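Asks: Any chance you could fold what I've pasted below:
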Amino acid sequence: MLLGFTGFISAADNRVASLLLPDISLDFGIPISQASIILTAYLISYGVLQPFYGFYSNQYGRKKILLLFFRSRID
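Replies: Reported below is the predicted structural model:
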């Protein structure tokens with residue numbers, strides 16, 4: 001159940017970020033075109049790193065990898 005929820009949150013994160021682009025540009029005082037470049041860089045790196053996450057989760061177990069990521073975000 002936790003894995004399904006994290007997959008949902010991950011997909012929702014990508015969708016919500018693009019919807020928040022106008023607010024992000026206003027908060028930082030930058031044009032939307034500049035904010036969209038930042039979002040594009042985030043989404044490209046997210047997509048490029050997915051095979052590595054998948055490989056390591058298959059190798060060591062999804063639960064261990066998720067816990068490792070959660071612990072690294074908390075510290």
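
Asks: Show me which helix runs longest in the chain.
Replies: In terms of residue count, the longest helix belonging to the chain (DSSP state H) is helix 32-60.

Asks: shouldn't Y56 be in contact with F69?
Replies: No: between Y56 and F69 there is no contact under C-beta atoms under 8 Å: 10.3 Å. In short, each C-beta sits where N, CA and C put it, glycine included.

Asks: Mind giving me the packing neighbours of the longest helix of the chain?
Replies: Packed against helix 32-60 by the contact rule (3 or more C-beta pairs under 8 Å, 6 or more residues apart in numbering; DSSP states H and E) you find helix 2-19, helix 21-28, helix 62-74.

Asks: redo that, cut-off 6 Å
Replies: If contacts are counted by 3 or more C-beta pairs under 6 Å, 6 or more residues apart in numbering; DSSP states H and E, helix 32-60 sits against helix 21-28.

Asks: Pull the residues that contact the helix it packs on.
Replies: For helix 21-28, the surrounding residues in contact (C-beta atoms under 6 Å, 6 or more residues apart in numbering) are 32, 35.

Asks: Pull out the buried positions in it.
Replies: For helix 21-28, a neighbour-count test (16 or more other C-beta atoms under 10 Å) marks 24-25 as buried.

Asks: Okay, angle between it and helix 32-60 too, please.
Replies: Helix 21-28 and helix 32-60 are oriented at 110 degrees to each other (axes from the mean of the first three to the mean of the last three C-alpha atoms, to 10 degrees).

Asks: Name the nearest residue to Q34, sequence neighbours excluded.
Replies: Distance criterion C-beta to C-beta, 6 or more residues apart in numbering; nearest residue to Q34, sequence neighbours excluded, is S25 at 7.2 Å.

Asks: and that neighbour, what pLDDT?
Replies: You'll see S25 listed with a pLDDT of 89.
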